[in-house]
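> Below are the sequence and a predicted model for it; my questions follow.
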Amino acid sequence: MSQPEVAILIGTRKGLFIARSDASRRQFEIEGPHLAGYEIQRAFLDPRDGGRTGYAAAHHPIWGIHIYRSENAGRDWQPLADVPRHGDDDGPESLKVIWSLAPGPAAQPDTIYAGIEPPGMFVSHDRGRHWECLDAFHQHPSARHWHPAKGGCAVHSLAACNDRLYAALAAGGVYRSDDGGTSFRPCNRGVRAPYLPQAEPEAGHNDHTLRVHPADPDRLYRQSHTGTWRSDDAGESWVEITSGLPSDFGYALGLDPKDPDVLFTIPEDSSQFRSTVDGKLRVYRTENAGSDWVALTNGLPQRNCYVTVLRDGLDTDDLDPLGVYFGTSNGQLYASRNRGERFDALPAFLPPILSIQAGRVE
């Protein structure tokens, strides 16, 4: 059996780039830009068909908002006729940005999900040709507590596990559906929100990232405006795991898909100064679900490095040993093929990086 190709989809402010390597991951070749000039908020190769199909959410101030699909592992892209939006017009109340795209369950290979601004969660059952709004989400009674954060008010994180769906929005919090999107309920108990009138409100939280573990769908991690959090009961309750990190602020989280206790994060200084803490670019790893953290610095600048890594700017592959990848606001892409023990900067200076997705092409 031939070895898989590793493909890193890199969404930037000026197009989509792809870094490809064989399974050794010793050398990457970067291709692109695909969709040149478009902001690529999110892109992924679908693991359900071995990475042959790709999807990308693209935004251009003149040419508009589109979803593109690839049938050959990201080498060519074609626009789809429809986009997820609240109305039939192209106005901002219908659609401002497509923030998130995610594959549906393995048993539904043609299903994908999208999250947008203004807040909305959508599903397509025909590989993006048509979109259906999950009205129970944005019409939830607690939606009156949603409010714009600095980056807007948008659904930025999605995950599908059989009939269970998760969505996270800023600023609103985490929501879960147990019936495929027919109904939703907030899952924010225990998460502090000192910027709101209630200390631990039902909804209104300014969440930055949500990750659901593929091997244990009851294990969730979230990065909020006030720290890093873990749930062991599918979001019913949360415990803070910020202790040991240099800051309670940040965006990016990455999982080890084979070990629910492993998590990677890159803290930011603060809400006021959204950049690396102390000018040091450090990836933090826990191997015990947040009980303690180790700073990973080998190969990363530790002086006068003030960059930002956004919510989708960190990802991992599923190889052994685990590969860890992240992209920065200055367009630098870093890769590790040994669980973060050493990082190497790929020889390219790209536009500011918005998202990273590590996939394999069988």
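Yep, it's here.

> okay, the most centrally placed residue in the chain: pLDDT?
Nearest to the mean C-alpha position of the chain, counting by CA atoms, centre = their mean, stands residue 312 at 3.7 Å. Residue 312 is assigned 96 on the pLDDT scale.

> and what of the one 5 residues further on?
For residue 317, the model assigns a pLDDT of 96.

> check contacts around the nearest residue to the residue nearest to the centre of the chain once chain neighbours are set aside.
Once flanking residues are discounted, residue 312 sits nearest to residue 355: 3.7 Å by CB to CB, 6 or more residues apart in numbering. All C-beta atoms are positioned from the backbone trio N, CA, C, and that covers glycine. Contacts for residue 355 (CB atoms under 8 Å, 6 or more residues apart in numbering) come out as 9-11, 40-43, 310, 312-313, 327.

> and which of those is nearest residue 264?
residue 313 (11.5 Å; CB to CB).

> any idea which element the closest residue to residue 11 other than its chain neighbours lies in?
Among residues not flanking residue 11 along the chain, residue 40 sits closest, at 3.4 Å (CB to CB, 6+ apart). Applying DSSP states H and E as the criterion places residue 40 in strand 39-45.

> Name the nearest of the contacts of residue 355 relative to residue 192.
Of all the contacts of residue 355, residue 310 has the smallest distance to residue 192: 23.3 Å, by CB to CB.

> Would you mind measuring from the closest one to residue 94?
As judged by CB to CB, to the nearest Å, residue 310 and residue 94 stand 25 Å apart.

> One more: residue 62?
As for residue 62, its distance to residue 94 is 18 Å (criterion: CB to CB).

> neighbour-wise, which of the two wins?
More neighbours surround residue 94 than the other of residue 62 and residue 94, with 17 against 5 (other CB atoms under 10 Å).

> which SS state does that one fall under?
Three-state assignment for residue 94 (DSSP: H, G, I helix; E, B strand; the rest coil): coil.

> And for the nearest residue to it once chain neighbours are set aside, the neighbour number?
Of all residues not flanking residue 94 in the chain, residue 87 sits nearest, at 3.9 Å (CB to CB, 6+ apart). Close neighbours of residue 87, defined as other CB under 10 Å, add up to 9.

> what about the helices in this protein?
Applying DSSP state H to the chain gives helices spanning 135-138.

> give me the low-pLDDT residue ranges for it?
In the predicted model, the chain carries pLDDT under 70 at residues 1-2.

> if you set the cut-off to 50 instead, what comes out?
1 (pLDDT under 50).

> before we move on, the earlier item: these two touch, right, the residue nearest to the centre of the chain and residue 358?
No - look at residue 312 against residue 358 with CB atoms under 8 Å: they stay out of range, at 11.5 Å.

> got a list of what residue 86 touches?
Applying CB under 8 Å, 6+ apart, the residues near residue 86 are 93-95, 116, 118, 120, 133, 138.

> 6 Å instead, please
When contacts are counted by CB atoms under 6 Å, 6 or more residues apart in numbering, residue 86 touches 94, 120.

> backbone phi and psi for it, please?
Residue 86 has phi and psi values of phi -80, psi -30 when expressed as degrees, to the nearest 10.

> quick one on the thing from earlier: how about residues contacting the strand holding residue 40?
9, 11, 13, 16, 51, 54, 56-59, 99-101, 354-355, 357, 359.

> Tell me the buried residues in that strand?
39-45 (16 or more other CB atoms under 10 Å).

> same deal with stretch 212-221?
Going by neighbour count (16+ other CB under 10 Å), the buried part of stretch 212-221 is 212-214, 217, 219-221.

> close enough to count as contact, residue 335 and residue 325?
Yes - when contacts are counted by CB atoms under 6 Å, residue 335 is listed as touching residue 325 (5.1 Å).

> Please report the number of neighbouring residues for residue 189.
By the criterion of other CB under 10 Å, residue 189 has 14 neighbours.

> separation between it and residue 124?
Counting by CB to CB - residue 189 and residue 124 are separated by 31 Å.

> try residue 100
For residue 100, the distance to residue 124 - CB to CB - is 13 Å.

> Compare those two and say which is more crowded by neighbours.
Between residue 100 and residue 124, counting by other CB under 10 Å, residue 100 is the more crowded of the two (26 against 22).

> what bridges to the more buried one?
Beta-bridge partners recorded for residue 100 (DSSP bridges): residue 115.

> ok, it touching residue 156?
Yes - counting by CB under 6 Å, residue 100 touches residue 156, with 5.5 Å between them.

> Which residue is the nearest non-sequential neighbour of residue 190?
Among residues not flanking residue 190 along the chain, residue 238 sits closest, at 4.2 Å (CB to CB, 6+ apart).

> Quick check: chain neighbours aside, which residue is closest to residue 79?
Take residue 79 and drop its neighbours on the chain: the residue closest to it by CB to CB, 6+ apart is residue 66, 4.7 Å away.

> and that neighbour, what are its bridge partners?
Assigned bridge partners for residue 66, using DSSP bridges, are residue 58.
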